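> Fold the following, please.
(one chain, ligands or ions: 1)
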Amino acid sequence: MDGTRPAGDELLKIAVEVARQAAETARRMRADGVSGVTTKSTATDVVTAADRAVEREAVATLRAARPGDAVLGEEYGGADGTGPTGGAGVRWILDPIDGTVNYLYGLPHYAVSLAAEVDGEVVAGVVRNAVTGDEWTAIRGGGAYRAGQRLRSSTETDLGKALVATGFGYDPARRAHQAGVLAELIPHIRDIRRFGVASIDLCLAAEGSVDAYYEKGLNLWDHAAGGLIATESGLLVDGLAGAGPGPDLVIAAPPALFGPLHDHLDRLDAAGGP
Ligand code: IPD
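Sure, this is the predicted structure:
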């Protein structure tokens, strides 16, 4: 690497190519049936042969395109992702199949999520639904797009009328805490949606198909690309008390809803529990 900071559009071009190839591999493997199912953190946290194969293929393609970059991937990438990032300081953040439970059941709602980070800041991201081909992209400072249309998030100002997406972790004790938070929140919002794919949830918020989204327990590969897409659509994306989006909590909401939603989640200890 020559140490030059690569442009966001250059990285997005690579990200989109890799995500399209990865999505096609995931879709094709699903059509042949699910294989190699094992579990990770709990009995309900599954990983399949496709998660591993898609990640291996995507990492190989990234390595061929940009040999000096680091890659943090959900299935293999921990150590490598914290390693040297070459002269350009680029790290790719990959979820090969976000929504693995949907993949397992054949629900047409799972995605490849790929973000490019430069010197610790996500500058480009793509989320692609592997079944429908719906694709959301963003470049930092350059807006968020789907099928050539610039995304504008919800302009709702009344939390009581907000449709809010969320999700649950795999640990039973965590799920119980999250369900308790939700039971207390739901009287204050229009309704909730649980689609099972954090990266797509963030994109649905970005395009205004839901008004807001929150979840505790996300990993970076779940929210890196979708978080940039949400930000570039006009949403505020943060954790509690300005902590930044992270494993404790990710909240994505239009400016008028962010404060009220944040305050409910704070009061309900949404970032607490196991
Ligand atoms: C999961 C999905 C789900 C969210 C979980 C994630 P995975 O990712 O994004 O919607 O609620 O927190 O772990 O395990 O399917 O890659």
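> for the protein, longest helix please?
Scanning the chain for the longest helix, with DSSP state H as the assignment, gives helix 8-31.
> hmm, that helix touching the ligand?
No: in terms of CB under 6 Å from any ligand atom, no part of helix 8-31 sits within range of the ligand; the closest distance is 11.7 Å. (Each C-beta comes from the backbone N, C-alpha and C, glycine too.)
> So which elements touch that helix?
When contacts are defined as 3 or more CB pairs under 8 Å, 6 or more residues apart in numbering; DSSP states H and E, helix 8-31 sits against helix 49-65, strand 90-98, strand 111-118, strand 121-129, strand 135-139.
> got the angle for the fourth one vs strand 111-118?
With axes from the mean of the first three to the mean of the last three CA atoms, to 10 degrees defining the directions, strand 121-129 sits at 170 degrees from strand 111-118.
> Specify the residue ranges that define each domain of this structure.
The chain is divided into the following domains under automatic domain parsing: 8-133, 159-267.
> Let me have these in JSON lines, extended by mean pLDDT.
JSON lines is the format used below for the domains of the chain (pLDDT from 0 to 100):
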{"stretch": "domain 8-133", "mean pLDDT": "90"}
{"stretch": "domain 159-267", "mean pLDDT": "98"}
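> Kindly reformat the ones you listed as JSON lines containing distance to residue 143.
Listed next are those as JSON lines, based on distance: least, CB to CB, whole Å:
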{"stretch": "domain 8-133", "distance to residue 143": "11"}
{"stretch": "domain 159-267", "distance to residue 143": "5"}
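> any chance of those in CSV, with mean neighbour count and distance to residue 147 too?
CSV is the format used below for the domains of the chain (neighbours: other CB atoms under 10 Å; distance: least, CB to CB, whole Å):
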stretch, mean neighbour count, distance to residue 147
domain 8-133, 20, 9
domain 159-267, 21, 10
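> Nearest to the ligand within the stretch 151-274 of the chain, name that residue for me.
In the stretch 151-274 of the chain, the residue that lies nearest the ligand is residue 167 (2.4 Å; CB to the nearest ligand atom).
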